[in-house]
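Chemist: Fold the following for me, if possible:
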Amino acid sequence: HGKRQKGTHSSITEDRIAKLEEVGFVWDASEHAGKQLDEAAWNDRYDELVDFKKTKGHCRVPVRYKANPQLGTWVQTQRRAHGKRQKG
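Modeler: Numbers count the residues shown, from 1 in each chain. Coordinates of the predicted model:
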């Protein structure tokens with residue numbers, strides 16, 4: 001669709017574009033997928049944090065947590081986001 005708008009040759013016709021748009025076709029799926037993936041990933045990390053607390057008794061996940069590096073990074077990101085929010 002983007003190629004056709006810019007004048008570059010594309011195999012998609014205006015009719016096909018219209019049909020896809022009639023059913024709510026999303027042209028930039030990365031934007032929507034990204035939000036869904038972000039939400040799913042956040043929930044996954046949250047569940048991992050809950051499990052971490054059950055086994056360790058606290059939520060002080062090290063940034064470089066060898067058993068789950070993604071969790072360590074996620075916890076750091078949450079702390080930074082909270083700090084930014086507190087500062088306004």
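
Chemist: how about the nearest residue to Ile61, chain neighbours excluded?
Modeler: Just to correct that, residue 61 is Val rather than Ile. Closest residue to Val61 apart from its sequence neighbours, by Cβ to Cβ, 6 or more residues apart in numbering: Val75 at 4.3 Å. Placement of C-beta: from N, CA and C, glycine included.

Chemist: Looking at the helix or strand containing the one you found now, give me its mean pLDDT.
Modeler: For Val75, the element it lies in under DSSP states H and E is helix 69-87. Model confidence over helix 69-87, given as mean pLDDT, is 89.

Chemist: Can you name the residues in contact with it?
Modeler: Residues outside helix 69-87 that contact it (Cβ atoms under 8 Å, 6 or more residues apart in numbering) are 42, 45, 48-49, 52, 59, 61-65.

Chemist: how far away is Ala81 from Gly24?
Modeler: 32 Å (Cβ to Cβ, to the nearest Å).

Chemist: So the two - more neighbours on which side?
Modeler: Taking other Cβ atoms under 10 Å, Ala81 and Gly24 do not tie; Ala81 has more neighbours (10 against 6).
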